[in-house]
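>>> Test case, fold it:
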Amino acid sequence: MYKMSILLFPHVGLFLAILISCVESKYMVYNTSQTIVPGKLNVHLVPHTHDDVGWLKTVDQYYVGSNNSIQGACVQNVLDSIVPALLADKNRKFIYVEQAFFQRWWRDQSDEVQKVVKQLVSSGQLEFINGGMCMHDEAVPHYIDMIDQTTLGHLFIKEEFGVTPRIGWQIDPFGHSAVQAYLLGAEVGFDSLFFGRIDYQDRAKRKTEKSLEFVWRGSRSLGSSAQIFAGAFPEHYEPPSGFYFEVNDDSPIVQDDINLCDYNVQDRVNDFVAAAILQANITRTNHVMWTMGTDFKYQYAHTWFRQMDKLIHYVNIDGRVNALYSTPSIYTDAKYATYGSWPLKTDDFFPYADRANAYWTGYFTSRPALKRYVRMMSGYHLAARQLEFFGGRSNAGPNTDSIADALAIAQHHDAVTGTEKQHVADDYAKRLSIGYMEAEELVAASLACLADSTSNNRCRSRTTKFQQCPLLNISYCPASEVNLSQGKNLIVVVYNSLGWKREDVVHIPVINENIIVHDSEGREIESQLLPVANAYLGLRDYYVQAYLGRTPNKTPNYRLAFKVSVPPLGFNTYTISSAKMTDVSSTKSYVQTFRRSENSTVEVGQENLKLTVSTDEGKLTNYINNRSLVEEIIEQSFSFYAGYDGRNDTNPQNAGAYIFRPNGTYLIKPEGQVPLTVVRGPVVNEVHQQINRWIYQITRLHKGKEHVEVEFIVGPIPVDDGIGKEVATQITTKMETNKTFYTDSSGRDFIKRVRDYRTDWNLEVNQPVAGNYYPINLGIYIQDNRKEFSVLVDRSVGGSSLVDGQIELMLHRRLLLDDSRGVAEALNETVCVLDECRGLTIQGKYYFRIDPLGEGAKWRRSFGQEIYSPLLLAFAEEDDDSWMDSHTPTFSGISSSYSLPENVAVLTLQELADGKVLLRLAHLYEIGEDKDLSVMTSVELTKLFPGKKIDKVTEMSLSANQERREMEKKRLVWQVEGMSGEESKVVRGGPVDPTKLVVELAPMEIRTFVIDLDGISGQYVSDA
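Residues are numbered from 1 along each chain as shown. Sure thing, here's the model as predicted:
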């Protein structure tokens, strides 16, 4: 272990002689050529800028430097300034991260400048680090979005520069996920991962133990095969105090002109050496990294490089330590060359607190409507790319590029997190909407191409004009709200982006009462008409006006629910028409209303699953599954946390967009004598409850399903009492869970959590609620010795198990104070129509189920995929009954006899710009998670691409920028303290035999391929 204790006295005589000789020269040449010196403390100066892809200003405002009354920041200036600064000295180096900005700048450059920049990249002076479109957050994005945005950046870098980023650089996200380490780290080919934010208690312990740098194994299933060297900075991602050199920064410059006042070379060198030794004494080996930069720095790069040139020159003359221009890649290689062993880290770095009473767990839920919009667009993007492949990609016509770019930017750690200013959140939503509109056009065209073609020949024309309904969540769908009484038929095409056959229930608003539903073979489908609740009609009218600028010209009389069955990666077609006299029309629901004064219970449910609800308080009381013989007493409730006002405290800390700091918990009790309404029918049973004037809830049980769906409307949260509020729901059971619960990591692996406990240090509990909140993207579950209780969500939320047997989700936040983390704005979202502004109302769903112990993973994994990839609905009208004869009513993009194994998902099926196909397949289960499905599985590629000849299959890194075998050859193998070289070998899927074309997948493995197809413009593709 390297120990540093160096005298702080320079060789003054020699030093002054050198200085005097320098004065005699007309032009001072600084020696910046120093490289690593063995046996000395090497201080790696890493020049960098951290450029938020939106935060206080929008991404475009940051790029061009507008709206500087908010923040003086211009990324265009940074990149313009860096190029000449690097050309001025071949030893200078700079790293750049955010490709959303770099691509904007690159497009504006001349051929000559682009050539120069390519030379800088080739020489290693300019290095791309991380390489994604943004520095994504790690708590609230879904892992598929993290992969997509990284891939988008990596493919651009590969195409333009022929290089692959080596280093992960997640310096600003507010906590770090296990998925980032193994999936977006090791599996994309990174050799190391560096970050700035870990819990203040954790950092203090790691400094003492010299364990700020370690080997991180984020996956229990993939183990050492996906480990990565990781490092947390000693403080933050900025330089040591006193070494900031932006224009107008107050750090002392190196004044080395002896003819001028304030000459300070010796003082500055002493300061440098002292700071280096301080860091060396908490770091292993004789290498330390200084992050020379911070947010939006190097707008005038010469001010930084001039000072660093001087520091390197004079520090190396002094000789006590060695200073050099460096990059994280050089630093990583230097660490690896020491052949040391490192502490081991498993699990993750959540939750994160930067001081007592300041847990950054509020942003897990902040801006829940934006979080839902991002998740909806993510699932839509996955389906749209599939249909783009089936219909044929057009670089000129509508494609998925715009929505891909908008989604990539939205993963930024001040975007989907909800920690940006309101006008910036609006900008993210606008970009998503623009991207959606183009993707919607593509989807409609592709479906028309596939449906209009009645043979296996190419589709030559697209006559059908499909419509879609992005506001279906608030019961607004003009395409389905057509009058069928005049003989028209409504055609509903239902597309399934999953790799297995899917049976589900579709809900759409309709006008007519006497209607009937038929499938593609003309068979009548069981259907049900449900009343549209007044709460939804009010929500619909207000938000359609707010979003679209118009009032709905119709009011649906019912919600039509009907069962659908859809083939894998394909569609089925349903016809809704007016029922004839001899037909049996859709069943109208039987509606019962109970006053709260009635002291009784009512049972709802169909087939196996039954729920009992008390009519007096509207609470669930019993859950019974007759198939699995699971029975449990349950109770669901709502509460709110009052947002803390710390303005008068000695150490002020308010609750805000980032920080969850509650000031008391208050149960929300049902108000007055509002009735409980029970709706029954052959397809679905529902319990409607008006909890209070701003919370409405529907508890729903579908026929053929063994889970409970809970749909909620929350808002506007009242703040007229001057108190911000954070609304949560609790589901309580009698299960004995011993403080233990499990939450997902970015929608992928599940991690064990223990209340008031941390694996890596002895936790000092100062916030028993906020300090036990974790991010939930997929779900949360608890278990005892007999049962497991799972809750799945439709967007990122914060949640916990604060009481044994209970699961809590935070649904909505509205706060009146800023939490002093830079955004300088309260999280007080409002929506305005004309002159009326209201607090934001959100609509959403969560789902729960209780299984025998060991049997819950199958539902969590399979239904979790269904939540992420909902059925895509497209509507058309016809005037006669000829649709099924003149169109292709059902379609599957894979062989009709084939379905993916139920433990495999298609994450990506995308036609690339060069005509090749990008395919990602994911094993959905962890090792030991399910007795039947946590096993090696396989996918037959020939059956994924029927009718097409596969010429070549190349396995790639996760981000598809290098061949997997080349990545493995280059991978650095790090040694772990206390572990022998005889660790059990992790089993992974083998190479793909070019004759058999079968892909093997081990638990939690994701494999990425670029596939060359002979004649990709095949049977489903149109030239029109």
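
>>> Flag the shaky bits of the stretch 601-750 of the chain, pLDDT-wise.
Scanning the stretch 601-750 of the chain for pLDDT under 70 picks out the ranges 618, 672-673.

>>> What segments of it are strands?
Counting by DSSP state E, counting those that start in this stretch, the stretch 601-750 of the chain has strands at residues 601-604, 609-614, 620-625, 630-632, 635-643, 662-668, 676-680, 684-692, 695-702, 708-714, 725-732, 740-744, 750-754.

>>> could those be laid out in JSON lines, adding distance to Val78 and mean neighbour count?
Using the backbone N, CA and C atoms, a C-beta is placed for each residue, glycine as well. Supplementary listing: the strands of the stretch 601-750 of the chain in JSON lines, determined by distance: least, Cβ to Cβ, whole Å; neighbours: other Cβ atoms under 10 Å:
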{"stretch": "strand 601-604", "distance to Val78": "60", "mean neighbour count": "16"}
{"stretch": "strand 609-614", "distance to Val78": "58", "mean neighbour count": "20"}
{"stretch": "strand 620-625", "distance to Val78": "56", "mean neighbour count": "19"}
{"stretch": "strand 630-632", "distance to Val78": "57", "mean neighbour count": "17"}
{"stretch": "strand 635-643", "distance to Val78": "37", "mean neighbour count": "21"}
{"stretch": "strand 662-668", "distance to Val78": "40", "mean neighbour count": "14"}
{"stretch": "strand 676-680", "distance to Val78": "58", "mean neighbour count": "20"}
{"stretch": "strand 684-692", "distance to Val78": "50", "mean neighbour count": "22"}
{"stretch": "strand 695-702", "distance to Val78": "47", "mean neighbour count": "22"}
{"stretch": "strand 708-714", "distance to Val78": "42", "mean neighbour count": "21"}
{"stretch": "strand 725-732", "distance to Val78": "37", "mean neighbour count": "23"}
{"stretch": "strand 740-744", "distance to Val78": "37", "mean neighbour count": "22"}
{"stretch": "strand 750-754", "distance to Val78": "37", "mean neighbour count": "18"}
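
>>> Including distance to Leu900, could these go into TSV?
TSV is the format used below for these (distance: least, Cβ to Cβ, whole Å):
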stretch	distance to Leu900
strand 601-604	34
strand 609-614	27
strand 620-625	27
strand 630-632	29
strand 635-643	35
strand 662-668	43
strand 676-680	36
strand 684-692	28
strand 695-702	24
strand 708-714	25
strand 725-732	32
strand 740-744	21
strand 750-754	22
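
>>> could you say what helices and strands whichever helix or strand Val288 is part of packs with?
Assigned by DSSP states H and E, Val288 falls within strand 287-292. Strand 287-292 makes packing contacts with strand 42-47, helix 265-280, helix 328-337 when contacts are defined by 3 or more Cβ pairs under 8 Å, 6 or more residues apart in numbering; DSSP states H and E.

>>> quick one: contacts of that strand?
36, 41-48, 171, 194, 231, 233, 237-240, 243, 276, 279-280, 304, 308, 326, 328, 331, 334-335, 338 (Cβ atoms under 8 Å, 6 or more residues apart in numbering).
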